[in-house]
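>>> Sequence plus predicted model, see below.
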Amino acid sequence: MRSAVCQSTPAAIRSNPVISEFYHPKVDGEKPKKKALVTASRKQCNII
């Protein structure tokens, strides 16, 4: 389950405006991309 969510998160960042709005400020705020990806994965999991 975790693997499926982590693999689908980059697609969700491109296509889902809620996750995109959550991810991009974190990356722009000097957070490492990998950490921002994990937090976006968690957000996606909460939405699901």
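Cool, got the structure.
>>> Pick out the residue closest to the middle of this structure.
Ala40 (2.3 Å; Cα atoms, centre = their mean).
>>> Surely that one is in contact with Asn16?
No - assessed by Cβ atoms under 8 Å, Ala40 is found out of contact with Asn16, at 9.4 Å. In this view, the C-beta of every residue, glycine as well, is placed from N, C-alpha and C.
>>> Buried ones in stretch 36-48, by neighbour count?
Ala36, Leu37, Ala40, Ser41, Lys43, Gln44 (16 or more other Cβ atoms under 10 Å).
>>> ok, which pair from the residues you listed is furthest apart?
Between any two of the buried residues of stretch 36-48, the greatest separation by Cβ to Cβ is 12.5 Å, found for Ala36 and Gln44.
>>> which helices and strands sit right next to the strand or helix carrying Tyr23?
Per DSSP states H and E, Tyr23 falls inside helix 17-28. With contacts taken as 3 or more Cβ pairs under 8 Å, 6 or more residues apart in numbering; DSSP states H and E, helix 17-28 sits against helix 2-15, helix 33-47.
>>> Need the residues that contact it.
9, 12-14, 33, 35-37, 39-40, 43-44, 47 (Cβ atoms under 8 Å, 6 or more residues apart in numbering).
>>> change it to 7 Å
Helix 17-28 is touched from outside by Ala12, Ile13, Lys33, Ala36, Thr39, Ala40, Lys43, Gln44, Ile47, with contacts defined as Cβ atoms under 7 Å, 6 or more residues apart in numbering.
>>> Can you redo those as a markdown table, where the extra columns are distance to Val5?
Listed next are the contacts of helix 17-28 as a markdown table, based on distance: Cβ to Cβ, whole Å:
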| residue | distance to Val5 |
| --- | --- |
| Ala12 | 9 |
| Ile13 | 13 |
| Lys33 | 17 |
| Ala36 | 15 |
| Thr39 | 12 |
| Ala40 | 10 |
| Lys43 | 10 |
| Gln44 | 6 |
| Ile47 | 10 |
